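Enquirer: Below: sequence and its predicted model.
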Amino acid sequence: MKTIYMDHVATNPLHPEVLDAMMPYFREIFGNPQSIYEPGIRAKEAVENARASTAALINAKPKEIIFTSSGAEANNFALKGIAYASRNKGTHIIVSKIEHHSVLNPARFLEKSGFAVTYVPVDKYGTVDPDDVKKAITKETILISVIHASPEIGTIQPVDEIGRIAAEKGIVFHVDAVASAGNIPVDVRSLNVDLLTFAAHQFYGPKGAGALYVKEGTRIVPLIYGGIQEGGRRAGTENVPAIVGMGKAAEIAKRDMQKRIEHVTPLRDRIIDSALKIDKVTLTGHPERRLPGHASFVVEYIEGEAMLLLLAGKGIYSASGSACSSKALKASPVLISIGIPAHLAQGSVVFTLGEGTTGEDIDYFNETFPQVIGRLREISPYAKGWEGAEDPTCTVKK
Amino acid sequence: MYSEKVMDHFTNPRNVGEMPDADGVGTEGNPVCGDVMKIFIKVKDDRITDVKFQTFGCGAAIAVSSMVTEMAKGMTLDEAMKITKSSLADALDGLPPQKMHCSNLGADALHKAIEDYRKKQGK
């Protein structure tokens, strides 16, 4: 059966050039970059070359890049690292309501550890109003953290404006750019950011490789203490093949970015145009200011996980923010924060395209998606509307 | 994640649809927190002669609904009252733990349909 991968926001396959670049560092050049003999020196050179190309992707200096194991680690590092480095200046942190769990959960941890956190709201498109951030600032504010682009609804935030506000007030500004870096232009200088998280597997690099950009002169406390790797700010023997892979993927992303954007944008628009012709299907996220390969919807009267399973049965792999498709069995906080009622959030589906997606894939998808919706609506008691749905209170015991 | 049996009942659900002349109807669940199952029964001489279902929910919810209709058809009402969450899960070769409660409403919806029938009969 033909399979079509439409979950590029979950992860991506390695670019063949990335795999080729990584291979020698598993066996031939296996040395520890901290060793002073030849294999170590060569591994160290590879790490530093990767640092330079990784930095170049976001217009940073090589020494401003700290390699981590993942985007989640970099987000944890940013929040905890800045909070603990600045706690004598203040104890207030601002984040948006649509952050990734790897920002929200460290924020909650910090709340339990004596910090105060303000969660700024978003509008119906999932956009943060920079004025709301400005209003939330107090004398105690030490950190503002906002996601650049939402993996769930695709919306791109006005991080440059928020960056200007943070810079005026002298507050450290962190951006979680996991879903954006490598996919759309990200320039740390023009965005006015002090810290920025990104991950290699979001742009055809390996899993297990992420980075935190830390602007020169920014004080940060390590998350992982130990040896002197990464300038003493992130201990642990360097994952040399993964770091090399991240560097290569960054180099290719910079080279091919415009081509990739021009490839996925019209394909995405075809999906959106076609899906919105189906009754009771709405787009989630911003109609224009969204990731180029990102199409996300709420389909009424049916549930997301069931859609994913039927689509997977037809060879189409996609994602959902429905409660049933999450292990936690809770509706996605992102969908709730853009004002989607919980029963509609159940019908969330997300399709994300990549450089391998073809026009034929989209033809097949546009033909299959309405069939899947029709099939599930045949089974649904709400096929004709939400009449008869119980009061919006949860009575089911979990 | 799901057993072959769950996938079979999910992709080819049995007894789907509305029953306008049902003798008993039972609804369980809530679309806000998860799944909703609606079961329609036709009863003759204390025996379930026909069952239909409509479900809003995940793959497990649809499979459970399909399975409960298949099991209940032909049973006496007392026998059908003995169908439980765990007997349904067993019949489907198991359900993932997180789906055991919120998606496994088939027995409850069926029991409500039977109660509805009995109430209408004035028993």
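Expert: Yes, it's here. Residues are numbered from 1 along each chain as shown, chains lettered A, B, ... in the order given.
Enquirer: Contact residues of chain B facing chain A?
Expert: Chain B comes close to chain A at residues B:2, B:7, B:10-11, B:13, B:16-17, B:27, B:29-36, B:38, B:54-62, B:98-99, B:101-103, B:105, as judged by CB under 8 Å from any CB of the partner chain. For glycine as for every other residue, the C-beta is placed from the backbone atoms N, C-alpha and C.
Enquirer: Below-threshold pLDDT in the stretch 251-398 of chain A: ranges please.
Expert: Applying pLDDT under 70 to the stretch 251-398 of chain A picks out residues A:323-329, A:390-398.
Enquirer: ok, so what distance separates the residue nearest the centre of chain B from chain A?
Expert: With distances taken as CA atoms, centre = their mean, B:G106 lies nearest the centre of chain B, 3.3 Å away. Look at B:G106 and chain A: by CB to the nearest CB, to the nearest Å, they are 13 Å apart.
Enquirer: quick one, what contacts the nearest residue to that residue once chain neighbours are set aside?
Expert: In space, and not counting its chain neighbours, B:G106 is closest to B:V68: 3.4 Å by CB to CB, 6 or more residues apart in numbering or on different chains. Going by CB atoms under 8 Å, 6 or more residues apart in numbering or on different chains, B:V68 touches B:I39, B:V51, B:F53, B:I83, B:L88, B:G106, B:A107, B:A109, B:L110.
Enquirer: and with 10 Å instead?
Expert: B:9, B:14-15, B:37, B:39, B:51, B:53, B:80, B:83, B:87-88, B:91-92, B:104-111 (CB atoms under 10 Å, 6 or more residues apart in numbering or on different chains).
Enquirer: Quick check: PyMOL command selecting the buried ones in those.
Expert: This is the PyMOL syntax for the buried subset of those, where burial follows 16 or more other CB atoms under 10 Å in any protein chain shown:
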select buried, chain B and resi 9+14+15+37+39+51+53+80+83+88+91+92+104+105+106+107+108+109+110+111
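Enquirer: In helices, which of the contacts of B:V68 fall?
Expert: Secondary structure from DSSP state H places B:H9, B:A80, B:S87, B:L88, B:A91, B:G106, B:A107, B:D108, B:A109, B:L110, B:H111 of those in helices.
Enquirer: follow-up on the earlier one: mind checking which of the residues of chain B next to chain A are in strands?
Expert: B:T27, B:G29, B:V36, B:K38, B:Q54, B:T55, B:F56 (DSSP state E).
Enquirer: Can you report how many residues lie near the fourth one?
Expert: By the other CB atoms under 10 Å in any protein chain shown criterion, the neighbourhood of B:K38 contains 25 residues.
Enquirer: just the fifth one next, same as before
Expert: The local packing of B:Q54 (other CB under 10 Å) involves 22 other residues.
Enquirer: doesn't B:G29 make contact with it?
Expert: No. Using CB atoms under 10 Å, B:Q54 is not in contact with B:G29; the gap is 11.4 Å.
Enquirer: Give the residues shared as contacts by the two.
Expert: In contact with both B:Q54 and B:G29: A:P381, B:V36, B:M37, B:K38, B:A109, using CB under 10 Å, 6+ apart.
Enquirer: so how far is B:N30 from the residue lying closest to the first one once chain neighbours are set aside?
Expert: For A:P381, ignoring the flanking residues on the chain, the nearest one in space by CB to CB, 6+ apart is B:Q54 at 3.8 Å. From B:Q54 over to B:N30 the distance is 15 Å, taken as CB to CB, to the nearest Å.
Enquirer: Could you do A:R87 as well?
Expert: Distance of A:R87 to B:N30, computed by CB to CB: 44 Å.
Enquirer: More neighbours: these two, which one.
Expert: B:N30 (22 against 15).
Enquirer: Quick check: which ranges of chain B have low pLDDT?
Expert: Along chain B, segments meeting pLDDT under 70 span B:123.
Enquirer: any idea which element the residue nearest to B:G106 lies in?
Expert: Using DSSP states H and E, B:V68 maps to helix B:59-72.
Enquirer: residues touching the closest residue to A:S86 other than its chain neighbours, list them.
Expert: Nearest non-adjacent residue to A:S86, counting by CB to CB, 6+ apart: A:I142, 4.1 Å away. Contacts for A:I142 (CB under 10 Å, 6+ apart) come out as A:82-83, A:85-94, A:115, A:170-172.
Enquirer: and those residues, which of them are in strands?
Expert: A:H92, A:I93, A:I94, A:V172.
Enquirer: ok, so of those, who is nearest A:F297?
Expert: Distance to A:F297, by CB to CB, is smallest for A:I94 among the ones in strands among the contacts of A:I142, at 30.2 Å.
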